[in-house]
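Enquirer: A predicted structure for the sequence below; I have some questions about it.
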Amino acid sequence: MVAERILIVAGKEFSDHLTSRKFLVILALLLMLTLLGMHQGIDQYNQNLEVYNQQLQAAGDATGSAGMMPERPSILSIFQHLESSLIVFGGVLAIATGADLVSKEKESRSLKSLLSHPVYRDEVINGKALGGMAALGVALAVAFTLTSAVLLVFSIVPTAGEVVAILIFGFASFLFLLAFFALALALSVVVKESGHAVVYGLTLFFAFTYLLQMFGMVLGGVVAGDIPQGPERPVTVDGRPVDEAVWKAYEEESRQYIEEMEIYRSKQQFVTDTVNIFSPMMAYNTVASTVAYPSELPPEDAASRIWRNFAALLVFPSVFFAAAYVKFMRMDIR
């Protein structure tokens, strides 16, 4: 395997993507929804900022000093409005980018001709994957550059810490797109026709993004069992229990009920979280919400949460890239 030949294949694929009407149309829709999400996010941020200024003024008037001051809203909340746009159209763009990388070569019978040149199979599949990843990276960079420009137009300048958080959000967005690009690439190797690969890819995208989350919730409820039932409150007169013994028994049953509910919810949450490991959307959503509202968790817990979900986002595309690589290397090309 020679890096130069990989880069030649990657450059060709990258150029094909950036000149593809399909790629450009989906990218245009993504950018339009990005602008819409930014508009909604900026409106919400300005409202929160106005409330913050009012609370700040009220706190100053009440205490005469900077005692318990309200927390200033972060501009990171604006970027959370981009998440839905990136999930839907970003995922579709990733699938459209990867679904015909190999299948179109098989349909046009150009794959055999390509491999007759002094280039190895691993160089072809790695170059195609690298070119598609570069195209998605450019699309994401354009979207984030556009959002940054909009922020500056509205005189919203992020701090150094917020810039780092935005970069973390951008990297998580790229890993999310990479997950479904790898899925589409694997389908492109397995399926003979690119149209079928697109349909299967969109179906699996919907399943991994939405159906898996609902399945996790249902399975969590099934595994946890029946919901514990609380005790019946005894009769009281003027807020006082009629029978002290009955009231003490009720309090004891209430404590047991609370403990049973905690056990029930922990079982349900464990199953749901386990299923959600296989959903790139849930991992991406967790990173986005942690970055958008960093003050809700201690710094060490927030960092652990982000890295844990980064790992989940890396595992998903790695599995499908490996499957595509192995299948392509063993594929019978005639």
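Expert: Ah, there it is.
Enquirer: residue ranges for the helices of the chain, please.
Expert: When assigned using DSSP state H, the helices of the chain occupy the ranges 3-18, 21-63, 76-80, 83-85, 91-98, 103-107, 111-115, 121-153, 160-190, 194-206, 212-224, 244-276, 280-292, 299-330.
Enquirer: Adding mean neighbour count and distance to Pro231, write those out as CSV.
Expert: For the C-beta atoms, the positions are set from N, CA and C on the backbone; glycine is no exception. Formatted as CSV, the entries for these read as follows, by neighbours: other C-beta atoms under 10 Å; distance: least, C-beta to C-beta, whole Å:
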stretch, mean neighbour count, distance to Pro231
helix 3-18, 17, 63
helix 21-63, 15, 41
helix 76-80, 22, 41
helix 83-85, 18, 42
helix 91-98, 26, 47
helix 103-107, 19, 62
helix 111-115, 14, 70
helix 121-153, 19, 53
helix 160-190, 22, 45
helix 194-206, 18, 43
helix 212-224, 16, 20
helix 244-276, 14, 4
helix 280-292, 22, 36
helix 299-330, 16, 35
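Enquirer: If we ignore the residues flanking it in sequence, what's nearest the residue nearest to the spatial centre of the chain?
Expert: In the chain, the residue lying closest to the centroid (C-alpha atoms, centre = their mean) is Tyr284, at 2.4 Å. Leaving out its chain neighbours, the residue that sits closest to Tyr284 by C-beta to C-beta, 6 or more residues apart in numbering is Phe176, at 4.2 Å.
Enquirer: mind checking how far the one you found is from Val223?
Expert: Applying C-beta to C-beta, to the nearest Å, one obtains 28 Å for the distance of Phe176 from Val223.
Enquirer: follow-up on the earlier one: weakest of the helices of the chain in terms of mean pLDDT?
Expert: Ranked by mean pLDDT, the helices of the chain bottom out at helix 111-115, which scores a mean of 64.
Enquirer: Identify the residues contacting Gln229.
Expert: When the contact criterion is C-beta atoms under 8 Å, 6 or more residues apart in numbering, the partners of Gln229 are Tyr257.
Enquirer: Over to Met261?
Expert: Going by C-beta under 8 Å, 6+ apart, Met261 touches Pro228.
Enquirer: and the gap between it and Pro228?
Expert: Remark: distance between Met261 and Pro228 (C-beta to C-beta) = 6 Å.
Enquirer: was I right about Lys267 contacting Val222?
Expert: No. In this structure, Lys267 sits apart from Val222 without contact. The criterion is C-beta atoms under 8 Å, and the distance is 10.4 Å.
Enquirer: Need the helices of the chain in TSV (columns: distance to Pro234).
Expert: Formatted as TSV, the entries for these read as follows, by distance: least, C-beta to C-beta, whole Å:
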stretch	distance to Pro234
helix 3-18	70
helix 21-63	43
helix 76-80	47
helix 83-85	49
helix 91-98	54
helix 103-107	70
helix 111-115	78
helix 121-153	58
helix 160-190	52
helix 194-206	51
helix 212-224	29
helix 244-276	5
helix 280-292	42
helix 299-330	41
